[in-house]
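A.B. asks: here is a sequence together with a model predicted from it:
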Number of protein chains: 2
Amino acid sequence: MTASTDGQVGDDAPLALQDPDYREAVIDLLGAIAYGEISAFERLAEDAKLAPSLEDKVAVASMAAREFGKVAGIHARIAELGADPFAAMAPFRGAIDRFHEHTAPSDWYEGLIKAYVGDALADDFYREIAAYLDATTRDLVVSSLEDSGHAAFVVDRVRAGIGADPRLGGRLALWGRRLMGEALTQAQRVAAERDALTALLAGGIDRPGLDLAAIGRMFARITERHAERMAELGLAH
Amino acid sequence: MTASTDGQVGDDAPLALQDPDYREAVIDLLGAIAYGEISAFERLAEDAKLAPSLEDKVAVASMAAREFGKVAGIHARIAELGADPFAAMAPFRGAIDRFHEHTAPSDWYEGLIKAYVGDALADDFYREIAAYLDATTRDLVVSSLEDSGHAAFVVDRVRAGIGADPRLGGRLALWGRRLMGEALTQAQRVAAERDALTALLAGGIDRPGLDLAAIGRMFARITERHAERMAELGLAH
């Protein structure tokens, strides 16, 4: 992969990346992922303050560090594609910042659920969209998805909390719905503003596409997995 | 290295670690370092909010993630020595938390200088004390010291800030002195409370020791390096 000085991708690039619309869409996608990781880091570092013990704080801080650890590779790929990583992130700051403003956890449990459910929702979306990417970009996106065992920690803490105070379950179930609703609201806003990114799902040279029914099924799968996670946490959806 | 169930170090351990006072001192030292890294992470993540641009925020967040990245290896070593990492950190929380409470940055530049000067001071101290450790512990402590190029970023930003507003230099020079003073105050408090840690410097089986004059020279070297760094930042000491 080479990028010439005018920001165009070289002739040795995969066929898909020679399509300027596709290249723009990939840069958008990577910019959104990178800013998502940076702001997840910030919010998790903030939520770590709510931890009831140093053990819990360290667990959340390591989730934060894990999110941040993904940023460098994504920035490097954006630069390889001839774009500036900070310029690529800029269009997504508004929507992602709004998501976090509208879902500021009011306590430790809300923070835990947001960390777990938010990260998993993003991973599900990336896993779905990876199928529509060229191989190199797909590998990068998929490699950032490995679960590092934090899920078990969150499930354990949330179940114990509900065990000690059953009313907590009702409040956290509502919280999970609110997280999902806010994520969809902001995703829709981004989709409406970023034509290249939306067109990505429609396919192109060398890449399969999705019709509206297939997009509907994709969102149904993501919603279904969210419901499964809420159930695993002991929360009615 | 093996640790039997009663928390004693096995016969195959280095001679020094069979000395219970030395082992206690090493666990103390590693506990202090680990909690220092965790709280550095927290404070840097907090200071990143003061960044004037997303580029600056990412630079400080990566300093935070770097600090946190050192914790797991130190915790693993504490566990190898038969101690609980969280119990090992507990005696140092008070002093380290007080250091941070008394040196909360009031703006971006104070945060930058604290990150740079504080990290470098800690590294200088660890480098000095490493000479009095068994080989395995020494390698672990030294490996956490590599400079990852953040110094250049801080020097660049602080010099540019002083260039734009020369009065900033005087304020930041005072701030650097305050950081050093507060670090010494808290270090002295720890030394007074933790006999095993203080005894470490006095030497023992297999390990050289320091007399009072040598301890004085050690602190003189640390202070000298602090002054060099302040000068490099364009700040009169």
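C.D. replies: Arrived safely, thanks for sending. Not measured: the values here are computed from a predicted model.
A.B. asks: only C-alpha atoms from now on, for both contacts and neighbour counts.
C.D. replies: Will do.
A.B. asks: quick one: average confidence on stretch A:58-76?
C.D. replies: Across stretch A:58-76, pLDDT averages out at 92.
A.B. asks: equivalent analysis for stretch A:218-234, please.
C.D. replies: Mean per-residue pLDDT for stretch A:218-234: 89.
A.B. asks: and the contacts of it?
C.D. replies: For stretch A:218-234, contacts defined as C-alpha atoms under 8 Å, 6 or more residues apart in numbering or on different chains pick out A:117, A:120-121, A:124-125, A:128, A:155, A:158-159, A:162, A:169, A:173, A:176, A:236-237.
A.B. asks: same deal with stretch A:83-100?
C.D. replies: Residues outside stretch A:83-100 that contact it (C-alpha under 8 Å, 6+ apart) are A:7, A:27-28, A:30-32, A:34-36, A:39, A:43, A:75-76, A:78-79, A:182-183, A:186-187, A:189-190, B:54-55.
A.B. asks: I'd say A:R138 and A:A131 touch.
C.D. replies: Yes. With contact defined as C-alpha atoms under 8 Å, A:R138 counts as touching A:A131 (7.2 Å).
A.B. asks: returning to that earlier point: I'd like to know which of the contacts of stretch A:218-234 are buried.
C.D. replies: Buried members of those, counted by 16 or more other C-alpha atoms under 10 Å in any protein chain shown: A:117, A:120-121, A:124, A:155, A:158-159, A:162, A:169, A:173, A:176, A:237.
A.B. asks: residue contacts, the closest residue to A:A34 other than its chain neighbours?
C.D. replies: Spatially, and ignoring its direct neighbours in sequence, A:A34 is nearest to A:V71 (5.4 Å; C-alpha to C-alpha, 6 or more residues apart in numbering or on different chains). Shown in contact with A:V71 (C-alpha under 8 Å, 6+ apart): A:34, A:37-38.
A.B. asks: need these in a markdown table with distance to A:S106, can you?
C.D. replies: A markdown table is the format used below for these (distance: C-alpha to C-alpha, whole Å):
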| residue | distance to A:S106 |
| --- | --- |
| A:A34 | 26 |
| A:E37 | 21 |
| A:I38 | 21 |
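A.B. asks: skip the chain neighbours and tell me the closest residue to the residue in chain A that chain B sits nearest to.
C.D. replies: Relative to chain B, the nearest point of chain A is A:A65 (5.2 Å; C-alpha to the nearest C-alpha). Nearest non-adjacent residue to A:A65, counting by C-alpha to C-alpha, 6+ apart: B:A65, 5.2 Å away.
A.B. asks: contacting residues for that neighbour?
C.D. replies: Counting by C-alpha under 8 Å, 6+ apart, B:A65 makes contact with A:65, A:68-69, B:41.
A.B. asks: out of these, which are inside helices?
C.D. replies: Judged by DSSP state H, helices contain the following of those: A:65, A:68-69, B:41.
A.B. asks: those: which two are farthest apart?
C.D. replies: A:G69 and B:F41 (13.8 Å; C-alpha to C-alpha).
A.B. asks: distance to B:G111 for the contacts of B:A65 - can I get that in a markdown table?
C.D. replies: A markdown table is the format used below for those (distance: C-alpha to C-alpha, whole Å):
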| residue | distance to B:G111 |
| --- | --- |
| A:A65 | 20 |
| A:F68 | 20 |
| A:G69 | 22 |
| B:F41 | 13 |
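A.B. asks: out of those residues, which is nearest to A:K49?
C.D. replies: Checking the contacts of B:A65 against A:K49 with C-alpha to C-alpha, the nearest one is B:F41 at 11.7 Å.
A.B. asks: contacts only, for the closest one.
C.D. replies: When contacts are counted by C-alpha under 8 Å, 6+ apart, B:F41 touches B:63-65, B:67-68.
A.B. asks: and if we set it to 10 Å?
C.D. replies: Neighbour list for B:F41: A:45, A:61, A:65, B:35, B:47, B:60-69, B:115 [criterion: C-alpha atoms under 10 Å, 6 or more residues apart in numbering or on different chains].
A.B. asks: try A:I78
C.D. replies: By C-alpha under 10 Å, 6+ apart, the residues touching A:I78 are A:23, A:26-31, A:34, A:72, A:84-89, A:137.
A.B. asks: do the same with A:I27
C.D. replies: The neighbours of A:I27, taking C-alpha under 10 Å, 6+ apart as the test, are A:21, A:33, A:74-75, A:77-79, A:81-85, A:87-89, A:137, A:196-197.
A.B. asks: show me those that map onto helices.
C.D. replies: Those of those lying in helices (DSSP H): A:21, A:33, A:74-75, A:77-79, A:85, A:87-89, A:137, A:196-197.
A.B. asks: filter those residues down to the buried ones, PyMOL style.
C.D. replies: In PyMOL, this line selects whichever of these come out buried by 16+ other C-alpha under 10 Å:
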select buried, chain A and resi 21+33+74+75+77+78+79+85+88+89+137+196+197
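A.B. asks: in TSV, list the ones in helices among the contacts of A:I27 along with distance to B:R98.
C.D. replies: Compiled in TSV, the ones in helices among the contacts of A:I27 are given as follows (distance: C-alpha to C-alpha, whole Å):
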residue	distance to B:R98
A:D21	54
A:I33	37
A:I74	38
A:H75	37
A:R77	42
A:I78	42
A:A79	42
A:P85	38
A:A87	40
A:A88	40
A:M89	37
A:T137	46
A:A196	51
A:L197	48
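A.B. asks: from the ones in helices among the contacts of A:I27, which single one is nearest A:A151?
C.D. replies: A:I33 (20.3 Å).
A.B. asks: span of stretch A:98-113 from start to end?
C.D. replies: 18 Å (C-alpha to C-alpha, to the nearest Å).
A.B. asks: give the buried residues for that stretch.
C.D. replies: Neighbour-count burial for stretch A:98-113 [16+ other C-alpha under 10 Å]: A:99-100, A:103, A:105, A:108-113.
A.B. asks: what about those residues, which are in helices?
C.D. replies: Cross-referencing the buried residues of stretch A:98-113 against helices under DSSP H gives A:99-100, A:108-113.
A.B. asks: the one helix or strand A:R93 maps to: how far from the chain's middle?
C.D. replies: According to DSSP states H and E, A:R93 maps onto helix A:93-102. Relative to its parent chain, helix A:93-102 has a centroid offset of 13 Å by C-alpha atoms, centre = their mean, to the nearest Å.
A.B. asks: same check, this time on stretch A:230-237
C.D. replies: For stretch A:230-237, the distance to the chain centre is 21 Å (C-alpha atoms, centre = their mean).
A.B. asks: list the buried residues in that stretch.
C.D. replies: Neighbour counts over stretch A:230-237 (16+ other C-alpha under 10 Å) mark A:230, A:233-235, A:237 as buried.
A.B. asks: next: stretch A:161-171.
C.D. replies: Using 16+ other C-alpha under 10 Å as the test for burial, stretch A:161-171 gives A:162, A:168-169.
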